[in-house]
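Asks: got a sequence here, can you model it:
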Amino acid sequence: MRSLLAVIAFAVLAGCATSPTDPLPKQPDAPTSETAVSTLGKEWDKADAKVAASVSIARENADKPDVVRGETTVALSFLPVPAPEELALARARAANPADQKAYGDAVAYGKKLLAKIEADFAKVQADQKRAFEISQLKDARIKELTAEVERVKQEASANLWTMAGVGIAVIGAIATATVGPKVGIPLLLSGAAIGAFPVIADSEWFSLTVITAIGLALCLGLWYLWDKIKDANNKPDEQPPPQV
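Replies: Model prediction:
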């Protein structure tokens, strides 16, 4: 019996280990919530739009120093404090306005940097969407594995009940052949009931089956008691030895 249990346990574990499961793709390093990325992107777009609007108005009113000063002040309110080295470069350009190459290089660099920022942010959005999809796949896989574990546990429990029932039935068969049906038949019936318990427990007829089993057990007990009383009544009375 112990060897049989070991074989069954090995088979169950081997079945679990060799069950085909597709590997999940690597989840990108990005938030799974769309709200975080979309909200940040909308705030950036809003700030960029206001800066662009103020600078555009300042250029349109280049001959009005008060307007230029006011609009650039508004634009600066949406921007971080400039780094000293960037201020030095800007001052160098302003000190030599005739050097159009310096301005052209700065404009080209700005457009290139803006294109890279937009591409990087588009990748972040794509990674966020992919991360959310893979997160859902992981949740589904967890549910699948949890269900598989529960199924294996139920099967293992059912196998134990079945083996216990078979063992008692074997003992009942041996008892029937050696001791007699009065002892063997109840063991056989008990083994059948134990082996069928997992199926009965999951059935909608569980309550009716239990009541029926209890009734049969009572009937079997009454029959056994009646048989014992009958045997006692049919036993010949022992006569005392004759007196000499």
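Asks: thought residue 79 was touching residue 52?
Replies: No: the pair formed by residue 79 and residue 52 falls short of the contact definition of CB atoms under 8 Å, at 11.6 Å. C-beta here means a position set from N, CA and C on the backbone, and glycine is covered the same way.
Asks: between those two, which one's more packed in?
Replies: residue 52 (12 against 9; other CB atoms under 10 Å).
Asks: sec struct for the more buried one, please.
Replies: When classified by DSSP: H, G, I helix; E, B strand; the rest coil, residue 52 comes out as helix.
Asks: before we move on, which element is the spatially closest residue to residue 227 that is not a sequence neighbour in?
Replies: Nearest in space to residue 227, with sequence neighbours left out and distances taken as CB to CB, 6 or more residues apart in numbering, is residue 182 at 7.1 Å. Of the helices and strands defined by DSSP states H and E, residue 182 is found in helix 181-201.
Asks: for that helix, the distance to its chain's centre please.
Replies: Offset of helix 181-201 from its chain centre (CA atoms, centre = their mean, to the nearest Å): 39 Å.
Asks: quick check: next helix or strand after it?
Replies: Using DSSP H and E, the helix or strand that follows helix 181-201 towards the C-terminus is helix 206-234.
Asks: can you report how many residues neighbour the residue nearest to residue 191 when sequence neighbours are not counted?
Replies: In space, and not counting its chain neighbours, residue 191 is closest to residue 169: 3.1 Å by CB to CB, 6+ apart. Residues lying near residue 169 (other CB under 10 Å) number 20.
Asks: check residue 83 too.
Replies: The local packing of residue 83 (other CB under 10 Å) involves 9 other residues.
Asks: so what does it look like in phi/psi?
Replies: phi -70, psi 150 (degrees, to the nearest 10).
Asks: quick one, grab the pLDDT at it.
Replies: Looking at residue 83, its pLDDT is 89.
Asks: when you give positions from now on, start the count at 519
Replies: Sure, I'll start counting at 519 from here, so that last one is residue 601.
Asks: so who does it touch?
Replies: In this structure, residue 601 makes contact with no residue, judged by CB atoms under 8 Å, 6 or more residues apart in numbering.
Asks: what about this structure, any weak spots by pLDDT?
Replies: Counting by pLDDT under 70, the low-confidence segments of the chain come to 519-540, 547-556, 715-728, 731, 749, 753-762.
Asks: so which residue is dead centre in it?
Replies: residue 660 (2.2 Å; CA atoms, centre = their mean).
Asks: how far off helix 699-719 does the helix or strand hosting it point, in degrees?
Replies: Residue 660 belongs to helix 618-696 when assigned by DSSP H and E. Relative orientation of helix 618-696 versus helix 699-719 (axes from the mean of the first three to the mean of the last three CA atoms, to 10 degrees): 160 degrees.
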